[in-house]
Each structure stands twice: as C-alpha cells, then as structure tokens.
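Asker: I would like to see how this sequence folds:
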Amino acid sequence: HRGRCARWRRASRSLAGIKVKRPGQRQKTLTRVAIALGSNLGDREDYLQSAITALEPSVQRLRVSTFHDTAPVGVGPQPTFLNATAVGETSLSARALLETLLSVERDLGRERPFPGAPRTVDLDLILYDDAIIDEAPSLIVPHPRFRERRFVLEPLAEIAPDWRDPVTGKTVEELLRTLT
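Answerer: I've put the predicted structure just below:
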C-alpha cells in the first residue's frame, strides 16, 4: 500500500497536464493565466513583490518576469512605472480572479480618485487561457489594450513568448514585434 501511494504522489506531481487529482481530493481544472503588474507610487518594487506574494495562494506555479522601468502611457504626467507580468495556473473563474486582483490592489492601498490616477499597484488580467470574455465594462479578456502596450508585451514575452492571443492568433512575441 505504501509503495502505491508513493508512486501516485510522484506521478501526480510530475503531470504536466492541466487536471491534477490527488487521493481524497475532488478534481480541479487549472486554467493558465497572465497578469500584468505595475506601480508608480512609493516603493514600487516592494509593492510589486507584495502583490506577487498575495497572488500565490490563488495562482499556482507563478512565474514572474523581470521588472521594467517604463514611462507613463496614456495617463498624463506621472512618476515612472515599474512593470512586470506573471503567468501561472488558477482554479478560479475569470470573474473570481478579477475580484482577487481588485482585492489585492485595495489591500496594498490602491485608490482610484480619477481614471488613470497614480497607483501603488495595478493588476490587470491579460489572458485567461484561450478564453474570450466580454462582460463589459468590468471583465474583458483578453485585456482590450494589451496588444498595443510594450510595457505588457515585453515582460510577457520573457516568460510566455509562444502564448497565442485568442483574438488575433498571434503569439506574444509576434505581437511585440509589430510594435517595433
């Protein structure tokens, strides 16, 4: 009996597939997700690290790009942003993940006095596997402007260059090349 359990644990840990079932657990489907992170107030690196730590219980196998200093885009004169992306897998629905992202933002002091205001942390759901979701105005996936944002595509290309945009069919790397 002990040998079978050990083999099961090794086999279940080594599965590269999306569905994982361990003894005594209900089967959960994990969905691959991409999240953009940004900060332009206070200790930007600390805010991004805190956001990543806060996401770990909800997003498994989290991989994070390097951090990129970027000029503000489309928000008027503001401090420089520090941006990154993270990819991982979640058992949450897209709506529940969005609510988690908003909760993390609030917990880290994000205020929204006006659209485009400077922020301690900004978390955007960029891709939810190959899903196309339009529950405007609050939930649109893929993120409607990610294809034109170098500050999203460059870090995402570091960790998921072959991920295909379900709308255009282009990879992240191809989308980045179109900006050059």
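Asker: Do a quick rundown of the strands in this structure.
Answerer: Secondary structure of the chain (DSSP state E): strands at 19-20, 28-29, 31-39, 60-64, 68-70, 81-90, 122-128, 133-135, 139-141.
Asker: quick one, which of those strands is nearest to Ala160?
Answerer: Closest to Ala160 of these is strand 81-90 (Cβ to Cβ; 5.0 Å). C-betas here are computed from N, CA, C, even on glycine.
Asker: on contacts alone, who are the packing partners of the closest one?
Answerer: If you count contacts as 3 or more Cβ pairs under 8 Å, 6 or more residues apart in numbering; DSSP states H and E, strand 81-90 packs onto strand 31-39, helix 44-55, strand 60-64, strand 68-70, helix 150-159.
Asker: And the residue nearest the centre of the chain, how far from Val75?
Answerer: Note on the chain: the residue nearest the mean C-alpha position is Ile35, at 1.5 Å, using Cα atoms, centre = their mean. From Ile35 across to Val75, the span is 19 Å (Cβ to Cβ, to the nearest Å).
Asker: May I see the helices and strands packed on strand 81-90 organised as a markdown table, with distance to His143 added?
Answerer: Formatted as a markdown table, these follow (distance: least, Cβ to Cβ, whole Å):
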| stretch | distance to His143 |
| --- | --- |
| strand 31-39 | 7 |
| helix 44-55 | 16 |
| strand 60-64 | 18 |
| strand 68-70 | 16 |
| helix 150-159 | 8 |
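Asker: most tightly surrounded among the ones you listed?
Answerer: strand 31-39 (a mean of 24; mean count of other Cβ atoms under 10 Å).
Asker: Relative to that strand, what are the paired strands and their orientations?
Answerer: strand 81-90 (antiparallel), strand 122-128 (antiparallel) (DSSP bridges).
Asker: got a markdown table for these, with mean neighbour count, mean pLDDT and distance to Arg112 too?
Answerer: What follows is the strands paired with strand 31-39, written out as a markdown table (neighbours: other Cβ atoms under 10 Å; pLDDT from 0 to 100; distance: least, Cβ to Cβ, whole Å):
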| stretch | mean neighbour count | mean pLDDT | distance to Arg112 |
| --- | --- | --- | --- |
| strand 81-90 | 23 | 97 | 16 |
| strand 122-128 | 23 | 97 | 10 |
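Asker: Asp46: which of the ones you listed is closest?
Answerer: That would be strand 81-90 among the strands paired with strand 31-39, by Cβ to Cβ, at 10.0 Å.
Asker: ok so, going back, of the strands of the chain, which is nearest Leu156?
Answerer: Nearest to Leu156 among these is strand 81-90; the distance by Cβ to Cβ comes to 4.3 Å.
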